[in-house]
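Q: Fold the following, please.
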Amino acid sequence: MFLNLRDVSLCCVWIISVASFRVGVSERRIVAVRGRPAVLGCEFTPDPDLSSLVVTWQRQEDSQVVHSYYYQQDNLDRQSPEYHNRTKLYISELGKGNASLRINPVGPKDAGRYLCQVSNAKGTGNAQIELDYGALYSEPRFNIHVNSTTVTVQFETEGFPKPEVIWLG
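A: Prediction:
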């Protein structure tokens, strides 16, 4: 069998370029606050030609499609209804290798593992990020009402997870 040196070098260049493709997340875990936007960061090896770019965000636990981009536009036909009108990619940043996803507003059901999958002419890869959910607690309100026969003590606060109040006495 005779191999042409030009064929061998082309083969090796192709393997090297595919091997250099990378998808990653800057933080493996983020904490999102109730009612506020959360940005799930995802970076990839960019290619100036976006015609072959495919970006898909999915929930890892159940493979629900959170957001999809291909044919140089958002394609949300298969997007889970839970994310309808709540997600976006930073389209102007895709050419720079930024496939970060914004979810707004964040709710308790958004907690979980997400998979950022990216494919372009340079390769294919994925990375995982965990979204933890939390909420700010309101300042506790404490009222005492006294009349001639009873004393009423009232305490109120709210947040997520649901606050637990223990009366000691």
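Q: how about the helices in this structure?
A: Here the chain has its helices, by DSSP state H, at 5-19.
Q: how close does the one residue sitting closest to the centre of the chain get to residue 89?
A: With distances taken as C-alpha atoms, centre = their mean, the residue of the chain nearest its centroid is residue 40 (3.5 Å). Residue 40 sits at a distance of 10 Å from residue 89 (criterion: C-beta to C-beta, to the nearest Å). C-beta coordinates here come from the backbone N, C-alpha and C atoms, glycine included.
Q: Leaving out sequence neighbours, find the closest residue to the residue nearest to the centre of the chain.
A: Once flanking residues are discounted, residue 40 sits nearest to residue 101: 4.6 Å by C-beta to C-beta, 6 or more residues apart in numbering.
Q: contacting residues around the one you found?
A: Residues near residue 101 by C-beta atoms under 8 Å, 6 or more residues apart in numbering: 39-40, 42, 57, 66-67, 87-89, 114, 116.
Q: Low-confidence stretches in the protein?
A: Filtered on pLDDT under 70, the chain yields the residue ranges 1-19, 160.
Q: So for the biggest strand by length in the chain, what gets flagged as buried?
A: Identified as the longest strand of the chain according to DSSP state E is strand 123-134. For strand 123-134, the neighbour count (16 or more other C-beta atoms under 10 Å) marks 123, 125-127, 129-131, 133 as buried.
Q: Could you provide those residues in TSV, with additional columns for distance to residue 30?
A: Putting these into TSV (distance: C-beta to C-beta, whole Å) gives the following:
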residue	distance to residue 30
123	26
125	20
126	17
127	13
129	7
130	7
131	6
133	10
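Q: Just the closest of those residues to residue 108, please.
A: residue 133 (5.3 Å; C-beta to C-beta).
Q: List the beta-bridge partners for that closest one.
A: residue 32 (DSSP bridges).
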